[in-house]
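A.B. asks: next come a sequence and a model predicted from it.
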Amino acid sequence: MNNALVLSVDDSEDDALLLRRAWRKAGTTLDLEVLDDGQKAIGYLEGWAKNSAQSNTTLPPFVLLDLNMPRMNGFEVLQWIQSRDALRQLPVCVFTSSGNVRDIEQAYQKGALAYVTKPGAYEGLLEFVAHLNSCLSQDITSGCLKTLPGFQPKPRS
């Protein structure tokens, strides 16, 4: 997935600032777009889906999605993505501070490819970004995301 675009959707200005800094410091070759709410993410993705259909773009973006946001939360964004044929295969990683088992379960049920709890320290965020960069340079469906720092597996039923 070379020259991929990572879309981060998170309403926390502090978290977005730290992610941008870690992105630069980790030396990732990937582009980063940060949006601060779920409605903006849907607008962005609708535009991407229309443009990709017209230009036959085969490389989808990758999404880091926070759950707890005003106006439209991450679960609603996941549900919206799954309701669109052009976006159903979009790789979404829930990237949130919640380690709640119900949140993890619901995120996977709604189509998340991975669930990662945000690190508590900046060094952990740097490690996460570097590892994510490595994962995105290969086939992300190969299981690489399961080795991300903070990865939470799908709960067993």
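C.D. replies: Thanks, I have the structure now.
A.B. asks: other residues contacting the longest helix seen in the chain?
C.D. replies: Scanning the chain for the helix with the most residues, using DSSP state H, yields helix 38-55. The list of residues contacting helix 38-55 from outside it, by CB atoms under 8 Å, 6 or more residues apart in numbering, reads 7, 9, 33, 35, 57, 60-61, 63, 65, 69, 71-74, 76-77, 80-81, 84, 86-87, 90. For every residue, glycine as well, the C-beta is placed using N, CA and C.
A.B. asks: of those residues, grab the buried ones for PyMOL.
C.D. replies: Filtering the contacts of helix 38-55 down to the buried ones (16 or more other CB atoms under 10 Å) takes a single PyMOL command:
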select buried, resi 7+9+35+60+61+63+65+69+72+73+74+76+77+80+81+87+90
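A.B. asks: now, which of the contacts of helix 38-55 lie within helices?
C.D. replies: Residues of the contacts of helix 38-55 located in helices (DSSP H): G74, E76, V77, W80, I81.
A.B. asks: in the lowest-mean-pLDDT helix or strand in the chain, which residues are buried?
C.D. replies: Per-element confidence for the chain was summarised using mean pLDDT, DSSP states H and E. The lowest value among helices and strands belongs to helix 38-55, with a mean of 78. Under the neighbour-count criterion of 16+ other CB under 10 Å, helix 38-55 has G38, Q39, K40, A41, I42, Y44, L45, W48, A49, S52 buried.
A.B. asks: just give me the closest of these to L126.
C.D. replies: Distance to L126 across those (CB to CB) is lowest for A41, with 24.5 Å.
A.B. asks: how much space separates the spatially closest residue to that closest one that is not a sequence neighbour from C135?
C.D. replies: The shortest distance from A41 to any residue that is not its chain neighbour, by CB to CB, 6 or more residues apart in numbering, is 4.3 Å, and that residue is V9. Counting by CB to CB, to the nearest Å, the separation of V9 from C135 is 19 Å.
A.B. asks: what's the answer for V6, then?
C.D. replies: Distance of V6 to C135, computed by CB to CB: 11 Å.
A.B. asks: beta partners of the residue nearest the centre of the chain?
C.D. replies: With distances taken as CA atoms, centre = their mean, the residue of the chain nearest its centroid is L64 (1.6 Å). Taking DSSP bridges, one obtains S8, C93 as the residues bridged to L64.
A.B. asks: contacting residues for it?
C.D. replies: Taking CB under 8 Å, 6+ apart, we find L64 in contact with V6, L7, S8, V9, D10, L19, C93, F95.
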